[in-house]
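Colleague: Below are the sequence and a predicted model; questions follow.
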Amino acid sequence: MQTDTRIQSFSRSLRFSDKPLFKDADILECDHIPDQVLFRDDELEELAFLIRPGLRGQRPANILCRGLPATGKTTCIHHLFAEIRHLPGTGGTLIPVYVNCQRSRTAFAVFSTIYQELVGHAPPSSGIPLRRLMDAVAKALQSGRQSWGESRGETGRRSPTQSERQSERQSGKQSERPILLVCLDDIHHLIHEGTATQILSSLLRIYLDYPGCRVSVILVESDLSLDLSRALDRSVTSSLCAQEVFFAPYTATQIRGILKERARQAVYPGVVAPVILDLITDRTTAILPVDLRVGLDLLKRSILRAERAAHPAVTEEDVAAAYGDARVTYLRGLVSGLTGKERALLSLIAEMEEEARVREEEARIREEEARIREEEARKREEETRNREEARNREESGLRETDELDSSGEKGESSENDENDENSDISKNDSIDMIDMIDDPMKRRPTSGQIYSRLQEMIEEDHRRRRSLDAAAKAGEVAAATCAEPEPGYSTGKRGAHTPTSCTPTSWTPFPHTPFPYTPFPYSSCSYTSFYEHLRSLESYKLIGIKGVQGRGKTSAITLRYAAADVKRLCEAEEARQGEGEKMEKR
Ligand SMILES: Nc1ncnc2c1ncn2[C@@H]1O[C@H](COP(=O)(O)OP(=O)(O)OP(=O)(O)O)[C@@H](O)[C@H]1O
Ligand SMILES: [Mg+2]
């Protein structure tokens, strides 16, 4: 009976409301490519100008698109590539290939994407060396020359001679030689992975190994602090010579315009009133750096909330309720794109930030207690003074009566002694407090502190592994997996990934053990690569790094999202990936 009621209410929740608000909900999905790119005419024009020579058979300039996240870089590239593909009469002279470097981080993955675009299907995912894959790409490009243009019976790897090029120009055949235009979107992933130089150098110098093959690249980057000329080898930057196209952040008016156009296509008229659009725009631009994706997500969630509450149009309450969800969803997206190491580090920072917050809260309580103590001491002092004054008045009254002339200095001196004692206590307390409250290094974890905690966790994980090894040998795996770490080595600080409980997870060194544990993603880590991972988290706008003047080279690290949300989402992502791996193994 109870179950029936629950099922009924569940199916009620699943049913769409009688009056749907959405015309097409997909329009508000984050991967939707809009028909119209608003407010980017100048950037599109500049890109088209730089690419145009490719349509005449000349190699286009290499391009670097830079701009903060959600400034329309990827959208513009998709638009341009779609236009190139559909241009009548170009006969495939310019072959655009889009590579998402977050997904394809190795040379093999990048060349597989290119191969797939040229050949129409993916190469075998394993068993072929990179060199063979590159050969296949070059051959596809060369044979493409025959199928796209007119076959000239060329089989070898010979560059056309000058006279051949001249006769090509005269006969107009030059335009038939295809050029690969590869967009490496979010190039910082390749830089962090250490594969950028190898990939770029293979692409830009492909003509050396495969004469006649020509490639131009478009690099897309959202980390404005990244200096590509320092991140890449000199040999690569010299053949790159990229022309920069900058994508400025959208203004509030532009954000409103984009949201308005999306709402117009996604919902029925009147569902999102102008005042609601203003509110969503205000909320979006209040978070710095301004991120259009937050606005699009907030718009979608507000409409969903309104639909759920059976409102005929989105209300201010719907927007307020959706606001919290939007930030968390955005954060979830960021966390899911991190590598295991980056995620472990982020989780560690969240934990240390949480500890710092607790310390800060304790310091605040101590400060409040000291203030109360100070107040009480002041009151006591006032009471004593009042009492003394009353006694003095009384005594001087008596003296007047007795016509005696004497002073009451003794009482005053004892009063001063008492005051001095009280003020000493409060002074000492406040010195402590000022230290705790005003010193930013005590409040926020620094890169140095994070690095030493990371080292502790690596060490603890090694001990854990050793004890599991030993226990496995002794046939006591289950007991060892559940056991608390040996007393003595722990510093008492527990990391996010410190294995303490018997949670079923992704991988185990002992397939037969019923209680596998999650190995810590770092087995060792130099300060340089640790700092690179910090930089990578900064590039996703998950943390802020602030240089601190002081002894040693250390920076204050601040988390840009609520520590509790970050920790929760990191753990959920880890569990999700663990489940995925288990399914794959099965
Ligand atoms: N000018 C625009 N007109 C319409 N929609 C836009 C425009 N610019 C961005 N968008 C939308 O905003 C979202 C983010 O855009 P996009 O992915 O192009 O940003 P990006 O600059 O590539 O961001 P990132 O650097 O984070 O990859 C997408 O959903 C896209 O449809
Ligand atoms: Mg992008």
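Modeller: Received it, and whenever you're ready, just let me know what you need. Ligands and ions are numbered 1, 2, ... in the order given.

Colleague: Output the below-cut-off pLDDT ranges for the stretch 351-500 of the chain.
Modeller: For the stretch 351-500 of the chain, applying pLDDT under 70 flags the ranges 398-443, 476-500.

Colleague: do that again at 50, thanks
Modeller: 404, 408-441, 484-500 (pLDDT under 50).

Colleague: Then the stretch 1-150 of the chain?
Modeller: If you take pLDDT under 50 as the line, the stretch 1-150 of the chain has these spans: 1, 10, 14-16, 145-150.

Colleague: Let's see that with 80 instead.
Modeller: For the stretch 1-150 of the chain, the stretches with pLDDT under 80 are 1-19, 30, 88-92, 125-127, 142-150.

Colleague: what does it have sitting close to ligand 1?
Modeller: Residues of the stretch 1-150 of the chain lying close to ligand 1 (C-beta under 6 Å from any ligand atom) are 30, 32, 34, 37-40, 67, 69-75. Glycine gets a C-beta too; all of them are placed from N, C-alpha and C.

Colleague: Only the buried subset of those, as a PyMOL command please.
Modeller: Burial among these is assessed by 16 or more other C-beta atoms under 10 Å; the matching PyMOL selection reads:
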select buried, resi 32+37+40+67+69+70+71+72+73+74+75
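
Colleague: Considering the residues of the stretch 1-150 of the chain next to ligand 1, which is situated nearest to residue 378?
Modeller: Closest approach between those and residue 378, by C-beta to C-beta: residue 69, at 53.2 Å.

Colleague: my read: the closest one touches residue 294, true?
Modeller: No: using C-beta atoms under 8 Å, residue 69 makes no contact with residue 294, being 10.0 Å away.

Colleague: Just give me how far the lengthiest helix in the chain sits from the chain centre.
Modeller: Taking DSSP state H as the criterion, the chain has its longest helix at helix 340-402. Here the centre of helix 340-402 is set off from its chain's centre by 42 Å, with C-alpha atoms, centre = their mean, to the nearest Å.

Colleague: Same question for stretch 96-107.
Modeller: 18 Å.

Colleague: And for stretch 37-46?
Modeller: With C-alpha atoms, centre = their mean, you get 26 Å for stretch 37-46.

Colleague: What is the end-to-end distance of that stretch?
Modeller: With C-alpha to C-alpha, to the nearest Å as the measure, the ends of stretch 37-46 fall 14 Å from one another.

Colleague: what does it rub up against?
Modeller: Outside stretch 37-46, the residues that touch it by C-beta atoms under 8 Å, 6 or more residues apart in numbering are 72, 75-76, 79-80, 245-247, 250, 254, 257-258, 261.

Colleague: Any of those residues buried? List them.
Modeller: Members of the contacts of stretch 37-46 classed as buried by 16+ other C-beta under 10 Å are 72, 75, 76, 79, 80, 245, 247, 250, 254, 257, 258.

Colleague: Which of the three states applies to residue 104?
Modeller: Using DSSP: H, G, I helix; E, B strand; the rest coil, the secondary structure recorded for residue 104 is coil.

Colleague: And residue 99, by the same measure?
Modeller: Under three-state DSSP, residue 99 comes out as strand.

Colleague: For the remainder of this discussion, apply numbering that starts at 32.
Modeller: Yes, from this point I'll number from 32; that puts the last item at residue 130.

Colleague: contacting residues around it?
Modeller: Applying C-beta under 8 Å, 6+ apart to residue 130 gives the contacts 141, 144, 145, 213, 214, 215, 216.

Colleague: So which of these belong to helices?
Modeller: Checking these against DSSP H, those in helices are 141, 144, 145.

Colleague: which residues in this protein form strands?
Modeller: 94-98, 125-131, 210-216, 245-252, 274-278, 574-578, 586-590 (DSSP state E).

Colleague: Flag every buried residue along the second one.
Modeller: Spelled out, it's strand 125-131. For strand 125-131, by 16+ other C-beta under 10 Å, it's 125, 126, 127, 128, 129, 130, 131.

Colleague: Which of the contacts of residue 130 has the largest number of neighbours?
Modeller: With neighbours taken as other C-beta atoms under 10 Å, the top of these is residue 141, carrying 28 neighbours.

Colleague: Excluding residues flanking it in the chain, which one is nearest residue 281?
Modeller: Nearest residue to residue 281, sequence neighbours excluded (C-beta to C-beta, 6 or more residues apart in numbering): residue 323, at 6.0 Å.

Colleague: That neighbour and residue 316: what is the separation?
Modeller: Remark: distance between residue 323 and residue 316 (C-beta to C-beta, to the nearest Å) = 10 Å.

Colleague: between these two, who's got more neighbours?
Modeller: A direct count of neighbours by other C-beta under 10 Å for residue 323 and residue 316 places residue 323 higher, at 22 against 19.

Colleague: My read is that the more buried one contacts residue 286, right?
Modeller: Yes: contact criterion C-beta under 8 Å: residue 323 and residue 286 qualify, at 5.9 Å.

Colleague: hey, what's in contact with both of the two?
Modeller: Joint contacts of residue 323 and residue 286 (C-beta under 8 Å, 6+ apart) are residue 315.

Colleague: Run through the residues of this structure sitting next to ligand 1.
Modeller: Residues of the chain lying near ligand 1 (C-beta under 6 Å from any ligand atom): 61, 63, 65, 68-71, 98, 100-106, 217, 253, 289, 323-324, 327.

Colleague: Those in helices, which ones?
Modeller: Going by DSSP H, the helices hold 104, 105, 106, 289, 323, 324, 327 from the residues of the chain next to ligand 1.

Colleague: Let me see the backbone angles for the residue nearest to residue 237 when sequence neighbours are not counted.
Modeller: Leaving aside its chain neighbours, residue 237 sits nearest to residue 244 (4.8 Å; criterion: C-beta to C-beta, 6+ apart). With angles defined as degrees, to the nearest 10, residue 244 sits at phi -80, psi 130.

Colleague: measure residue 244 to ligand 1 for me?
Modeller: 28 Å (C-beta to the nearest ligand atom, to the nearest Å).

Colleague: and if you look at residue 590?
Modeller: 19 Å.

Colleague: That residue reaches residue 386, doesn't it?
Modeller: No: using C-beta under 8 Å, residue 590 makes no contact with residue 386, being 12.0 Å away.

Colleague: quick one: which of these two has more around it?
Modeller: Neighbour totals were compared for residue 590 and residue 386, and residue 590 leads with 23 against 14 (other C-beta under 10 Å).

Colleague: close enough to count as contact, residue 376 and residue 563?
Modeller: No: the criterion here is C-beta under 8 Å, and residue 376 misses it with residue 563 at 10.5 Å.

Colleague: Please give me every residue in contact with the closest residue to residue 115 other than its chain neighbours.
Modeller: Counting by C-beta to C-beta, 6+ apart, the nearest residue to residue 115 once its immediate chain neighbours are dropped is residue 127, at 5.2 Å. If a contact means C-beta under 8 Å, 6+ apart, then residue 127 has 111, 112, 115, 116, 212, 214 as its contacts.

Colleague: Find the closest residue to ligand 1 in the stretch 132-281 of the chain.
Modeller: Residue nearest to ligand 1 within the stretch 132-281 of the chain: residue 253 (3.2 Å; C-beta to the nearest ligand atom).

Colleague: What count of nearby residues applies to residue 269?
Modeller: By other C-beta under 10 Å, 11 other residues sit near residue 269.

Colleague: swap in the one 4 residues further on?
Modeller: In terms of burial, residue 273 registers 19 neighbours under the definition other C-beta under 10 Å.
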